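>>> sequence plus predicted model, see below.
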Amino acid sequence: MSLKEKLIKEKLPRHVAIIMDGNGRWARRMGANRIFGHQNGVTPVHEVVEASGELGIDYLTLYAFSTENWGRPMDEIEALMGLLVSTIKKETRKLVENNVKLRTIGDLSKLPDTPRRELIRLTEETAGNTGLTVILALSYSSRTELIQAAKNIVTDACNGKIKPEDMSCTLFEQYLETAGIPDPELLIRTSGEFRISNFLLYQLAYTELYFTQKFWPDFRKEDFYAALLDYQNRERRFGKISEQL
Ligand code: IPE
Ligand code: IPE
Ligand code: MG
């Protein structure tokens, strides 16, 4: 039986998040420039988007660029922004045809004009789609997201829109960029790093974590299925004991 056939549809996560890591080391290992690694990181994006759509997963969040990544050498940042634009342009038709909806989280105002415009265009163009939602985290920082939520909550409180006793998880979540999106049940990080790197700190509270040594450019559908299968074999207790489940 193939890995895909082993997956139980009813036990699939609704939302998978991925920290796509290891492009630079993948390229360096073959004596190439880091940018070559980023170029080869586009194929696995196709693979996981396609696989998620085929399996009927509702949300796929991809960590593509963190606020900390702005500290990288300028030529690498420019190459990443260029890749973003060319990928969006090439993929638009396929995404629209496949009923994929694009959303972004992160501070898009920090992005150069062209990628920002292309992202807004594609978000608007796919807004009515009802299939898989792909959430691109770009210029994203979870701490910034939480601080912004705090600012907006204080403002609303000062304006009398909310009272301290109104605050709850449900209300707080409405102030996050991920408002309306269920928390990821599964987080995948490639490249053998075991950290969260300022990604979805609130939303990952009870997420199952899956780490693989594979560098992102080598990640394929089979690796995605392997992660999902691993997830399906876990017992999610949420603080309870096995016998209660
Ligand atoms: C992930 O790969 C892509 C981005 C962070 C944009 P890296 O570029 O971090 O690759 P490594 O981790 O240096 O190998
Ligand atoms: C996290 O990867 C950000 C993305 C994958 C976009 P990094 O490679 O930037 O993270 P650190 O620096 O290893 O924590
Ligand atoms: Mg990295």
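Yes, it's here. Residues are numbered from 1 along each chain as shown. Ligands and ions are numbered 1, 2, ... in the order given.
>>> doesn't residue 134 fall inside a helix?
No. Residue 134 sits outside any helix when classified using DSSP: H, G, I helix; E, B strand; the rest coil, being strand.
>>> can you pull the contacts of the residue in the chain that ligand 2 sits nearest to?
Nearest residue of the chain to ligand 2 (Cβ to the nearest ligand atom) works out as residue 197 at 3.6 Å. Quick note: C-beta positions are derived from backbone N, CA and C, even for glycine. Residues in contact with residue 197, defined by Cβ atoms under 8 Å, 6 or more residues apart in numbering, are 19, 63, 66, 68.
>>> residue 84 reaches residue 64, doesn't it?
Yes. Counting by Cβ atoms under 8 Å, residue 84 does reach residue 64; the two are 7.4 Å apart.
>>> which neighbours do the two share?
Taking Cβ under 8 Å, 6+ apart as the contact rule, residue 84 and residue 64 both touch residue 138.
>>> and the gap between the residue of the chain closest to ligand 2 and residue 211?
Computed as Cβ to Cβ, to the nearest Å, the residue 197 to residue 211 distance reads 13 Å.
>>> again, but for residue 119
As judged by Cβ to Cβ, residue 119 and residue 211 stand 29 Å apart.
>>> higher neighbour count, the two?
Counting neighbours by other Cβ atoms under 10 Å for residue 119 and for residue 211 shows that residue 119 has the greater number, 20 against 17.
>>> who does the strand or helix carrying the more buried one touch, helix- and strand-wise?
According to DSSP states H and E, residue 119 maps onto helix 113-125. With contacts defined as 3 or more Cβ pairs under 8 Å, 6 or more residues apart in numbering; DSSP states H and E, helix 113-125 has these neighbours: helix 74-97, strand 101-105.
>>> can you put those in JSON lines and add mean neighbour count, mean pLDDT and distance to residue 141?
Output for the helices and strands packed on helix 113-125, formatted as JSON lines (neighbours: other Cβ atoms under 10 Å; pLDDT from 0 to 100; distance: least, Cβ to Cβ, whole Å):
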{"stretch": "helix 74-97", "mean neighbour count": "15", "mean pLDDT": "95", "distance to residue 141": "16"}
{"stretch": "strand 101-105", "mean neighbour count": "21", "mean pLDDT": "97", "distance to residue 141": "10"}
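>>> closest to ligand 1 out of the ones you listed?
Closest among the helices and strands packed on helix 113-125, using Cβ to the nearest ligand atom: helix 74-97, at 5.7 Å.
>>> so what touches the closest one?
For helix 74-97, the surrounding residues in contact (Cβ under 8 Å, 6+ apart) are 34-35, 38-39, 42, 45-46, 64-65, 69-70, 102, 111-112, 114-115, 118-119, 122, 125-126, 129, 134, 138.
>>> wasn't the residue of the chain closest to ligand 2 part of a strand?
No. Using three-state DSSP, the assignment for residue 197 is coil, not a strand.
>>> can you check the pLDDT for it?
Listed pLDDT for residue 197 reads 98.
>>> from ligand 1, how far out is it?
In this view, residue 197 and ligand 1 are 9 Å apart by Cβ to the nearest ligand atom, to the nearest Å.
>>> what does residue 163 give?
As judged by Cβ to the nearest ligand atom, residue 163 and ligand 1 stand 41 Å apart.
>>> ok, residue 127 next?
When distance is defined by Cβ to the nearest ligand atom, residue 127 is 26 Å away from ligand 1.
>>> now do that residue, the pLDDT please.
At residue 127, the model reports a pLDDT of 96.
>>> check contacts around residue 70.
Contacts of residue 70 (Cβ under 8 Å, 6+ apart): 77, 110, 139.
>>> one more time with 10 Å
Each residue near residue 70 by Cβ atoms under 10 Å, 6 or more residues apart in numbering is listed here: 77, 107, 110, 139.
>>> ok, these vs ligand 1, which is closest?
Taking the contacts of residue 70 together and measuring to ligand 1 by Cβ to the nearest ligand atom, the closest member is residue 77, at 9.1 Å.
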